Structure formats: C-alpha cells, structure tokens
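>>> My questions concern the predicted model and sequence given below.
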Amino acid sequence: MGLEQDLLSDGPGFLSRRRWDHCLRTADYAVFMAHHFSIDPEKVRLSALAHDLAREQRAETILEWALLDQDELSPFHFSHPVLLHGFASAWYLRKHYGQDDPSILNAVRYHTTGHPVLDGPGLIVFAADYMEPGRSHLTDLDRDELLTLSLEGLVLSILDSMNLYLLRKKADLAPDSRELYQILKKRYNVCP
C-alpha cells in the first residue's frame, strides 16, 4: 500500500471528522491548484493529506514531536504553540510513514506560516490550506480572483491578508512568514 492509501486509511481514525474533512478538502483543492499552476499533483496531494496529522494531539505530544523535527524552536514558536503542529506532523510523517522527500516534509512543516524554503508544492499546500472551500473567510469569487495571479503572487496576497488580519488583532506574522513576505515583495518590486 502506498503513502496516499495509508493516509486515507489512517486519517479518519487519527483525526476528528471535522479535521479530516478539512484535510480532504485541502488535498482536493491543492490538486486543483497544482493542475492550474502545472505543479506535481502527487506531492501536493500527499502533503495536503498529511498537513494536520498532529493537529489534534495533546499539547505535550505536539511539542515533543516538534522538537524531534526541529532540534530547537524559537521563542516565537513557544509563544504560539498552535504553529508547532506543522513540525510535529512532518516528524510523524517521516517517522511512521518513512517519508523522506524534503519537498513533502517542508510543505507539511511550514503549511501554516509559509517559509522561504518552500518549493511549488509547498507554496500550493500553504495556499490551499488558507483557500480550501470549507474556509468561510473567502468567497468563491475571492478564490477565483486569487487564481488569476501567479503562484508567488497568490502567496504574497495571502500573506498580505494574514498580516492585515493579525495587525487588527495587535499580533505579528510569524518570522518565517515575514521572511517569505519580504522575499516575495522584493521579487515583485512592491514597496513595504
């Protein structure tokens, strides 16, 4: 049995119905986006199915697995523990399923914040997690408008929206998000 079948078999027992449905919608939307942007849909689907594997584990377990993946975590991560489930999910995917593809592991690892190391599949999983049809903060028209942009332009637009949302809550983007944001802004010659 391949990784996709293993994830499809194990996911419903590992996650709540609501969370697993989100993973399935994210995977379907990520594959749609992969075809739209001419990116390998298999890596995208596997990454999206696995992106929240650790999301509903106990906080202590998530921290333990995240530290096994990262060796050390930043103070920002300790003050925002919800972000640790990407690291924990990547570790679980590597340890229990033997996945060693850096593209897939990074897509899972950085799906909540984005990161400069993300390649096409990783950027798509980051975007699909934000855009999947079960998310109520976007309309179908919003999704369609985002899809008129290049993949990097779409990610920049998402990071811009995330930044505005967090500013209203008097919070900051994660350092990984800020770094990716600045790189994309420079690439698109957008003034800060």
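Sure thing, it's come through.

>>> Got phi/psi on His51?
Torsion angles at His51 (phi, psi; degrees, to the nearest 10) stand at phi -60, psi -30.

>>> Is the spatially most central residue of the chain in a helix, a strand, or coil?
Residue closest to the average C-alpha location in the chain (Cα atoms, centre = their mean): His111, at 1.6 Å. What DSSP: H, G, I helix; E, B strand; the rest coil gives for His111 is coil.

>>> Read off the pLDDT value for it.
What the model reports as pLDDT for His111 is 98.

>>> give the contact list for it.
Residues in contact with His111 (Cβ atoms under 8 Å, 6 or more residues apart in numbering) are 47, 51, 86, 122, 125-126, 129. Every C-beta, even on glycine, is put in place using the N, C-alpha and C of the backbone.

>>> residues near the nearest residue to Asp119 once chain neighbours are set aside, how many?
Leaving aside its sequence neighbours, Asp119 sits nearest to Ser103 (Cβ to Cβ, 6 or more residues apart in numbering; 5.4 Å). Look at Ser103: counted by other Cβ atoms under 10 Å, it has 19 neighbours.

>>> roughly how far apart are Ile158 and Ser177?
Look at Ile158 and Ser177: by Cβ to Cβ, to the nearest Å, they are 10 Å apart.

>>> likewise His22?
Taking Cβ to Cβ as the measure, His22 falls 20 Å from Ser177.

>>> And for Asp160?
Taken as Cβ to Cβ, the span from Asp160 to Ser177 is 11 Å.

>>> Which one's more surrounded, these two?
Taking other Cβ under 10 Å, Asp160 and Ser177 do not tie; Ser177 has more neighbours (22 against 15).

>>> where does the protein dip in pLDDT?
1, 189-192 (pLDDT under 70).

>>> And the helices in it, which stretches?
Ranges of helices in the chain, per DSSP state H, are 3-14, 17-37, 41-50, 59-70, 75-79, 84-97, 102-109, 120-131, 140-146, 151-168, 175-187.

>>> Next, the residues that contact the second one from outside, please.
What that stands for is helix 17-37. With Cβ under 8 Å, 6+ apart as the criterion, helix 17-37 contacts 11-12, 14-15, 39-41, 44-45, 47-52, 55-56, 120-121, 124-125, 127-129, 131-134, 147, 151.

>>> Drop anything exposed from those residues.
With burial judged by 16 or more other Cβ atoms under 10 Å, the buried subset of the contacts of helix 17-37 is 11, 14-15, 39, 41, 44-45, 47-52, 55, 120-121, 124-125, 127-129, 131-132, 151.
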